[in-house]
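**Student:** Quick one, structure for this:
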Amino acid sequence: MGKIQDAEQIIAELSPAERAQLLQELVRGIGDAFPGIESTPGVCGGKPCIVRTRIPVWSLEQSRRMGISEAEILGAYPSLRAEDLANAWAYVRSHRAEIENQIAENEAA
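**Tutor:** Numbers count the residues shown, from 1 in each chain. Okay, the predicted model is just below:
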């Protein structure tokens, strides 16, 4: 049996109060998670990228700062969806300094 199935079985045995406590703990654990964005060691230097791609968030933000429209970005990256850009912009808002540093590192390279 897989880990998810194991967890489902355990959750089924919990009281409603215990389930609520578990839910609170899970939410605390993913408080800084962003759907559609992942950082994977060995992929794009571990920089945050759009899932299913190797497109770094910083490169999308740099394009936006250069005045490239969302429609043009989506046209340049056929694997991207509008939802991916919305996720990227949310990530940028919450991690502005990190993205600034990544753009600066790229420009210095």
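
**Student:** For the rest of this, base every contact and every neighbour count on C-alpha atoms.
**Tutor:** OK.

**Student:** What sits closest to the residue nearest to the spatial centre of the chain if chain neighbours are left out?
**Tutor:** For the chain, the residue nearest the mean C-alpha position is residue 37 (1.8 Å; CA atoms, centre = their mean). Nearest residue to residue 37 in three dimensions, chain neighbours excluded: residue 50, at 4.9 Å (CA to CA, 6 or more residues apart in numbering).

**Student:** For the one you found, give me its contacts.
**Tutor:** 36, 37, 38, 56, 57, 84, 88 (CA atoms under 8 Å, 6 or more residues apart in numbering).

**Student:** Helices - which of these land there?
**Tutor:** When DSSP state H defines the helices, the subset of the contacts of residue 50 inside them is 57, 84, 88.

**Student:** ok, the first one - how many residues close by?
**Tutor:** Right, residue 57. 24 (other CA atoms under 10 Å).

**Student:** go on, the second one?
**Tutor:** Residue 84 has 19 neighbouring residues, counting by other CA under 10 Å.

**Student:** ok, it touching residue 36?
**Tutor:** Yes: using CA atoms under 8 Å, residue 84 makes contact with residue 36 at a distance of 6.4 Å.

**Student:** Show me where the chain has its helices.
**Tutor:** Under DSSP H, the chain gives helices at 3-12, 16-29, 57-65, 70-76, 82-94, 96-108.

**Student:** Understood, closing this out.
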